[in-house]
Structures are given as structure tokens and as C-alpha cells.
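Novice: return a 3D structure for these sequence lines:
(2 chains)
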Amino acid sequence: MKTLNRRNFGVDLGLALAAAILLPATKARADDMDVHIDNFVFQPAELKIKVGTTVTWTNRDDIPHTIVSAGKFRSKTLDTDDKFSFTFTNAGDYKYFCSLHPHMTGMIKVE
Amino acid sequence: MSGHDHGDDGVSRRKVLECMTWAGTGVLWTVTGGVPRSLGIIDSAEAATAAPGMSFLQISDSHVGFDKPANPNALGTLEEAVNKINAMPTKPSFMIHTGDITHLSKAAEFDNAERIISQTKLDVHYVPGEHDLIDEEVKLYRERYGRGTKGHGWYSFDAGGVHFVGLVNVVDLKAGGLGNLGAEQLAWFEDDLRGKSKSTPIVLFAHIPLWTVYPEWGWGTEDGGRALEYVKGFGSVTVLNGHIHQVMQKVEGNVTFHTARSTAFPQPAPGAAPSPGPMKVEDAKLRSMLGVASINFKQNEQRLAIIDTPLQG
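Specialist: Okay, here's the model as predicted:
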């Protein structure tokens, strides 16, 4: 178990501040979004995001799934609790589906 | 389901089928004049001796590598299925495996499956399930089972006077769609049947049901109807599938459709759960919901008799 003394806290805070200064606006973590797969369903099925947002999909089923948007992105096969992230740098509508269970579909709208 | 009414009177065929499926008992089906008739619950040994002729086995959905709560040891139940096969009084001519040999297409999973299945000492004819084609380079299935096949792994062969066609419907699936055969495979299939006598019994086998079982869960094949068009003129057609991890049977004209149990884990009846994912049942019940199918063909009989045998019960 890691204990947090004042000195470590100071160092961690210092690094955190440095990171915040070194990474201006390129990665606004607060805006990042999650999509979960539960019971062969993408939740939420449709997501509206701003350009630059990273979306992370997490497979919470006992069965593997994939995230595929034709010509745009394709995940590896995600086993239980595996994740896949994609950063949307262009506006547009991104339809995607699971290539193993194609009745599973979702949509990311990027503005 | 609530079908605990096993009374002899007033039970529809559908009800009987459901009950058989859920009770997990072996049942021999014969068909006269297009109407299936259950000969009642029988012991698999009895069935094997009662109907001599060419027989072969179907196993499916072994999902080697699966270790989740629905069955923490899928390799173990595959081994139990193999022991069951080895104990059969009449040695089948060969076996077909209707896909999802592995859970995640890992080399070790394929190796383990082979190590167990080879203990039957039977020739095994495979078709892939979607779980067998998810390695990074999509090559392990082809390396092991693709020799002599066309396209993504389809092929045909003849045995005991029956023409067998192994089809692949788990590749190039389209968003929002079902299983898919594709134009290239359909053209090959049409050509493969050319010149065959219409009296030749045909067995088609593929992973996902070629008929539409439940589209909401993707249980069907988009262009399966086209394949069935090609076999329309044939007197006896049997379609054997897996994927849905439960027994389902339907007869339409000259075509008998049948799905086999998994050797790994059961899945819910269509619409009976929020998703088609692995169904956790009581440990004591699991083996009654796993099993193999044996298919018997007698010369001059139009229908092939299919006997589903659970691992237990």
C-alpha cells in the first residue's frame, strides 16, 4: 500500500502541473467519452462529441466484440474488459458496428 | 420457458420440440410425407442400433479458451463430449464441426481443441465460426483447416451417397445485417451442385443458421435464401448449423433445418434474455444443455434421422 507523505504529494503535484503546462489543449481529458458494451449493445448507441474528443469503448460482455467503422477505424478483437480508443479529428457522422455481431451498431456524431 | 406439460395429449409438435430441447433428452425424429414425427425419448445407444446405415456426428461451438462463469472449463466439457462419442456403440463414419472451435482464435486454443478432438480418431470436416477468424492476421484457422478449400474455407465432399457442402457465413458481415455467404461463394455453390442427380441427398453445414431464427440477435443468414434456392429441386436436403448453442429444428418442404448444442455453454432461447450471450445455469443443469448430434442416413429413406444427445440427462 502506497502512503502519501507531504513530500511525495508535493512532487506529484509538481509533475501534474508540469504536465498541464506541457500539454496545452491538445488533450482535454474532461471531454473524453466512454461507450460501454453490455448485453451486445453499445451504450450510448449514439454519441455527440466535439472534434478532438477521444472515445473509449469497453467490452463488458463475456463474449468478444469489435468496433469497426468502414474506412475510418477498426479495433482489434476486444475480449472481456478490453478497451479501444479513437480520437476524432474530423467532423462528421461515424457509423460503426461489431464485425462479429453485425446487428450491434452505433453512431458517433462529431461537430 | 414454462413448458413442463409433457402429457401425451394435446401437445403440439412445437411444444414437444421445446420440451425436448429444454429437458435435454435425446429424441429420434423421422419424417413421413414431410411431417416430422417423434418416436419418443430414446436412449442414444438404442437409436444407434435401431437405425443402421451411414451415420456421422456433428459437434459445434466448443469455444476452447472460454473460462467465464457460464462454464469455467470449456475444454473439459469438450473432452466429456469426446468421451461420449468414443463410447458410442456404433462408430460414426466421420464428424463435422460447425464452428467456433476456439473462443479467441489463439494458437494454444486451436492446439488444445485439436488435441482433444483428435482422440475420436475420426475424420473431422470443419467450417469456421466468427470466433475462429479473430486472430490478428486471420490465418490460424486457414493454416489448420483450410487446405483444399475455396475462398474463406468452403468445400464439398461425398460420403455414403450423400453430398456434403461446408459453407462459410461468418466473413464480410455487413453493419446491421446477419450472416453472409457472399456472391463468390454462392456462385461456387450453384456450380458445385451442377450435374448432381436430384435424388442425391444433400447436407449443407455452416456456422450461423442458414434460416432466419431470430434476426434481432443476428441469428440468420442474409443471403441464406439464395443458397436454399439452389437446392430446391433436390428430394432430401438437411441443413446443419451451430452458433445459437441450443437445439432447434424446422422442416420446410424437402428441407430439414437443425441446430446443434454447444459443447461449451448454453445460450438463451430467442428473446428470453436481454442478449444472446452465455447463459449461466445451475452447475447441475449445465451438462443437460451441452451435447452433440448424431445423424443417420439410410439408403432409400428421404430423411436423415437426427439424434441430439446431451452430455448428461
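Novice: report how many residues lie close to B:D100.
Specialist: 26 (other CB atoms under 10 Å in any protein chain shown). Backbone N, C-alpha and C define where each C-beta goes, glycine included.
Novice: so it: helix, strand or coil?
Specialist: Three-state assignment for B:D100 (DSSP: H, G, I helix; E, B strand; the rest coil): coil.
Novice: repeat for the one 10 residues further on
Specialist: Assigned with three-state DSSP, B:F110 falls in the helix class.
Novice: hang on, B:G65 packs against B:D111?
Specialist: No - counting by CB atoms under 8 Å, B:G65 does not reach B:D111; the two are 10.7 Å apart.
Novice: who has more neighbours out of the two?
Specialist: B:G65 (21 against 14).
Novice: tell me where chain A has strands.
Specialist: Shown for chain A, the strands assigned by DSSP state E span residues A:33-38, A:41-43, A:46-49, A:54-59, A:68-69, A:73-74, A:83-87, A:92-97, A:105-110.
Novice: from the contact counts, what lies against the second one?
Specialist: Okay, so that is strand A:41-43. With contacts taken as 3 or more CB pairs under 8 Å, 6 or more residues apart in numbering or on different chains; DSSP states H and E, strand A:41-43 sits against strand A:33-38.
Novice: next one: phi and psi at B:E184?
Specialist: Backbone torsions for B:E184, taken as degrees, to the nearest 10, come to phi -60, psi -40.
Novice: what sits up against the host helix or strand of B:E79?
Specialist: Assessed by DSSP states H and E, B:E79 sits inside helix B:74-86. Helix B:74-86 is contacted from outside by B:57, B:59, B:62-67, B:71, B:92, B:95, B:103, B:112-113, B:116-117, B:119-120, B:122, B:263-265, B:286-287, B:290-292, B:309, B:311, using CB atoms under 8 Å, 6 or more residues apart in numbering or on different chains.
Novice: from the residues you listed, which land in helices?
Specialist: B:N112, B:A113, B:I116, B:I117, B:L286 (DSSP state H).
Novice: how about the helix holding B:E79: buried residues?
Specialist: Neighbour counts over helix B:74-86 (16 or more other CB atoms under 10 Å in any protein chain shown) mark B:A74, B:L75, B:T77, B:L78, B:E79, B:E80, B:A81, B:V82, B:K84, B:I85 as buried.
Novice: what about that helix, distance to the chain center?
Specialist: Offset of helix B:74-86 from its chain centre (CA atoms, centre = their mean, to the nearest Å): 16 Å.
Novice: now swap in stretch B:149-164 and tell me
Specialist: In terms of CA atoms, centre = their mean, the gap separating the centre of stretch B:149-164 from the centre of its chain is 16 Å.
Novice: got a list of contacts for that stretch?
Specialist: Contacts for stretch B:149-164 (CB under 8 Å, 6+ apart): B:53-54, B:56, B:93-94, B:96, B:125-128, B:133, B:141-142, B:145-146, B:148, B:165-168, B:171, B:182, B:184-185, B:188-189, B:192-193, B:196, B:200-203, B:205, B:297, B:299, B:304.
Novice: what sits closest to B:T221 if chain neighbours are left out?
Specialist: B:G179 (3.7 Å; CB to CB, 6 or more residues apart in numbering or on different chains).
Novice: if I look at that neighbour, how far off is B:G218?
Specialist: From B:G179 across to B:G218, the span is 7 Å (CB to CB, to the nearest Å).
Novice: which residues do these two both contact?
Specialist: Residues touching both B:G179 and B:G218 (CB under 8 Å, 6+ apart): B:I208.
Novice: the most centrally placed residue in chain A pairs with what?
Specialist: Nearest to the geometric centre of chain A sits A:T56, at 1.4 Å (CA atoms, centre = their mean). Listed beta-bridge partners, A:T56: A:D34, A:S85 (assigned using DSSP bridges).
Novice: which ones are touching it?
Specialist: By CB under 8 Å, 6+ apart, the contact list for A:T56 reads A:D32, A:M33, A:D34, A:V35, A:K83, A:F84, A:S85.
Novice: what's the ChimeraX line that selects buried ones from the residues you listed?
Specialist: Of the contacts of A:T56, the buried ones go into a single ChimeraX selection, burial set by 16+ other CB under 10 Å:
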select /A:33,35,84
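Novice: circling back to that earlier point, what's the closest of the ones in helices among the contacts of helix B:74-86 to A:A45?
Specialist: Nearest to A:A45 among the ones in helices among the contacts of helix B:74-86, counting by CB to CB, is B:L286 at 33.0 Å.
Novice: stretch B:177-190: how far from the chain's middle?
Specialist: 19 Å.
Novice: what are the buried residues along it?
Specialist: For stretch B:177-190, a neighbour-count test (16+ other CB under 10 Å) marks B:G177, B:L178, B:G179, B:N180, B:L181, B:G182, B:Q185, B:L186, B:W188, B:F189 as buried.
Novice: what's the answer for stretch B:296-307, then?
Specialist: Those would be B:N296, B:F297, B:R303, B:L304, B:A305, B:I306, B:I307, for stretch B:296-307 by 16+ other CB under 10 Å.
Novice: bridged to the first one, which residues?
Specialist: Taking DSSP bridges, one finds B:S55, B:A305 as the beta-bridge partners of B:N296.
Novice: correct me if wrong: it contacts B:Q58.
Specialist: No - look at B:N296 against B:Q58 with CB under 8 Å: they stay out of range, at 11.7 Å.
Novice: got any ranges where the chain has weak pLDDT?
Specialist: All of this refers to chain A. Flagging of chain A using pLDDT under 70 yields the residue ranges A:1-30.
Novice: meant chain B actually
Specialist: Within chain B, the stretches with pLDDT under 70 are B:1-53.
Novice: output the set of residues of it in proximity to chain A.
Specialist: Residues of chain B that fall close to chain A, judged by CB under 8 Å from any CB of the partner chain: B:68-70, B:103-105, B:130-131, B:134, B:136, B:173-178, B:215-218, B:274-278.
Novice: cool, thanks, signing off.
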